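> pasting the sequence and the predicted model now:
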Amino acid sequence: MTTQHQEPDELSDFAELLRHEEEFPDRRRSVDPRVRRARRRGWITTAIVFAVVLAMSGGYVGWALTAPLGAPAVTSHAPAVPVSPPAAVRLPSQGASAISVAGGDEYLGAAASGIWLTSGTDEPHPIASISKLITALVILEAKPLASADDPGPTITFRKADHDLYDKYYVMGATIAAMPTGSSMSLRDALATMLIPSACNYAEAVSTWAFGSQRAYLDATRGWLAAHGLTGTTIVEPTGISPRNTSTPSDLLTIGKLAAANPAIAKIVATRSVSLPGPGAMSNTNDLLGGNGITGLKTGNLGEGSYSLLYTASVDVGAAKPLTVTGVVLGGHSRQSVNGTVVAALDSIRNGFHQVPVATAGQQVGSYSTPWGSTAKMVVSDSASILTWSDTAITVTMQTTTPPAYADGEVVGTITWTAGPHTATATVEIEGALSPPTDWWRLTHPSELGAPWSQAR
């Protein structure tokens, strides 16, 4: 009968052999060779198992502690844009008015430099002494001055010119001394006509320029037609006649023509002047020099017929001031006209405003990691933008991936746009993302950059 020997299978069999050998040391020499072969195979198997376990565990630990981490989760949003209430430009409730604004097309639209806002109708109204501005423009077209300070030709006043003083005195008009035989430069004569609004100078200088009042009126009609001023009628040079009329739209054009003439622009911007003959004179425009007002001419035919054609340089905080040309016709008093002009300019100025769009430290996003580390995405500095009225403000936000996710690290910019203006602010990290612990790495292999099976 042949006995079949069964080889030890696992470590338990090998351990049994060892125990047997320890308990019976004297039998070692007489151990069956097959037992010794089993022992050797057991030792080899055990060594291989331990080697594989050590190799695998050591490789995993090394991989887990050095494997790349995935990018953190990011959320971001641009700050909400505030909406401003619409501006309300204050216009007179009585009479008629019109306003034109140059230099503000980006805010107000291209039409603003034509006729931007009006009140009342565009029908002809008596313009009183605003007529003298037209008279000056017509005279200077025939007798131009080379510059704002060019005195021009000399005028010598005759007895007929001196008699005009009495003529307009009786009519209750504004006058200035004009001694017979006295001489004056054209520029000074125009200044006397425009600054204190001397009627006798308006007739005397216009007669000198054209030879007669009839010739002056012919020249004036031609000038009006050449500039398309079909709503304007001039029957005499001073404005004392209520038949001298014009529309708000025509007067805006006349005001711009006057402001573009260097000599007239400088004269009407002068608050007071003293000249030989007429003496000291003050400008009839009480608003001149305040609220940005730079000209042009008042008109007065009594209660209910006060007028003002004006220009103003309005600083609204933009790169350049706005140039406003405006007119008010048919005011009850000089004070009421002045009040409506100041109110209109103030409302335009106040319609431009700085809109706060972000505050320092305002959160616009966040970072988070699977191991629980978080940081904020914040605006680094406060920002505001200049805009007009309720002009829409657009916002864009751009971010980048930071190299370290460290506190204070710049990660993007925010840009706001309103009309021609932009404002920017940087975005930075508040706080910092800390790395995971070794234990987290060892216990979260699926959260690491590559699975262990792939890393092998």
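Yep, that arrived.

> could I get the full set of strands for the stretch 51-200 of the chain?
Remark: strands assigned in the stretch 51-200 of the chain by DSSP state E, counting those that start in this stretch are 73-76, 96-102, 117-119, 125-126, 154-156, 183-185.

> need these in CSV with distance to Asp32 and mean pLDDT, can you?
To be clear about C-beta, it is placed using only N, CA and C from the backbone, and glycine gets the same treatment. Output for the strands of the stretch 51-200 of the chain, formatted as CSV (distance: least, Cβ to Cβ, whole Å; pLDDT from 0 to 100):
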stretch, distance to Asp32, mean pLDDT
strand 73-76, 67, 94
strand 96-102, 117, 97
strand 117-119, 120, 96
strand 125-126, 137, 96
strand 154-156, 150, 97
strand 183-185, 145, 96
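
> which stretch among those strands approaches His444 most closely?
For His444, the closest of the strands of the stretch 51-200 of the chain is strand 73-76, at 15.3 Å, according to Cβ to Cβ.

> pull out the buried positions in stretch 77-87.
By neighbour count with 16 or more other Cβ atoms under 10 Å, stretch 77-87 contains the buried residues 78-79, 84, 87.

> dump the C-alpha coordinates for it into PDB.
Provided in PDB are the C-alpha atoms of stretch 77-87 (Å, rounded to 0.1, in the frame of the first residue of the first chain):
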ATOM      1  CA  HIS A  77     -19.900  86.300  -9.900                       C
ATOM      2  CA  ALA A  78     -19.600  90.000 -11.000                       C
ATOM      3  CA  PRO A  79     -20.900  92.500  -8.500                       C
ATOM      4  CA  ALA A  80     -24.500  93.600  -9.000                       C
ATOM      5  CA  VAL A  81     -24.600  97.000 -10.900                       C
ATOM      6  CA  PRO A  82     -26.600  99.700  -9.100                       C
ATOM      7  CA  VAL A  83     -29.300 101.600 -11.100                       C
ATOM      8  CA  SER A  84     -29.400 105.300 -10.800                       C
ATOM      9  CA  PRO A  85     -32.700 107.300 -11.000                       C
ATOM     10  CA  PRO A  86     -33.100 109.400 -14.200                       C
ATOM     11  CA  ALA A  87     -32.000 113.000 -14.000                       C
END
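
> which of the buried residues of stretch 77-87 scores worst on pLDDT?
Among the buried residues of stretch 77-87, Ser84 has the lowest pLDDT, at 88.

> contact partners for that residue?
353, 355, 387, 389-391 (Cβ atoms under 8 Å, 6 or more residues apart in numbering).

> could you rerun that using 10 Å?
Neighbouring residues of Ser84 by Cβ atoms under 10 Å, 6 or more residues apart in numbering: 351, 353, 355, 387-393, 418.

> correct me, but Leu308 touches Leu329?
Yes: using Cβ atoms under 10 Å, Leu308 and Leu329 qualify as a contacting pair, with a distance of 8.6 Å.

> who has more neighbours, those two?
Leu329 (30 against 26; other Cβ atoms under 10 Å).

> and the more buried one, how close does it get to Gly299?
Distance of Leu329 to Gly299, given as Cβ to Cβ, to the nearest Å: 8 Å.

> so can I have TSV of the contacts of Ser84 showing distance to Asp150?
What follows is those, written out as TSV (distance: Cβ to Cβ, whole Å):
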residue	distance to Asp150
Gly351	39
His353	43
Val355	47
Thr387	43
Trp388	39
Ser389	43
Asp390	47
Thr391	44
Ala392	49
Ile393	49
Ala418	44
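
> give me the subset of those lying in helices.
Of the contacts of Ser84, the ones assigned to helices by DSSP state H are Gly351.

> buried ones only from the contacts of Ser84, please, as a PyMOL command.
In PyMOL, a selection of the buried entries from the contacts of Ser84 looks like this (16+ other Cβ under 10 Å):
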select buried, resi 351+353+355+387+388+389+391+393+418
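
> cross the contacts of Ser84 against strands and list the overlap.
Residues of these located in strands (DSSP state E): 353, 355, 387-388, 418.

> circling back to that earlier point, shared neighbours, Leu308 and Leu329?
In contact with both Leu308 and Leu329: 97, 130, 299, 337, using Cβ under 10 Å, 6+ apart.

> isn't the first one up against Gly331?
Yes: between Ser97 and Gly331 there is a contact under Cβ under 10 Å: 9.2 Å.

> phi, psi of Arg221?
Per-residue torsions, Arg221: phi -60, psi -40 (degrees, to the nearest 10).

> same question for the one 10 residues further on.
For Gly231, the backbone dihedrals are phi -90, psi 10 (criterion: degrees, to the nearest 10).

> how close does it get to Ala215?
Distance of Gly231 to Ala215, computed by Cβ to Cβ: 24 Å.

> neighbour-wise, which of those two wins?
Comparing Gly231 with Ala215 by neighbour count (other Cβ under 10 Å), the higher total belongs to Gly231, at 18 against 14.

> could you list the low-pLDDT ranges of the stretch 351-456 of the chain?
449-456 (pLDDT under 70).
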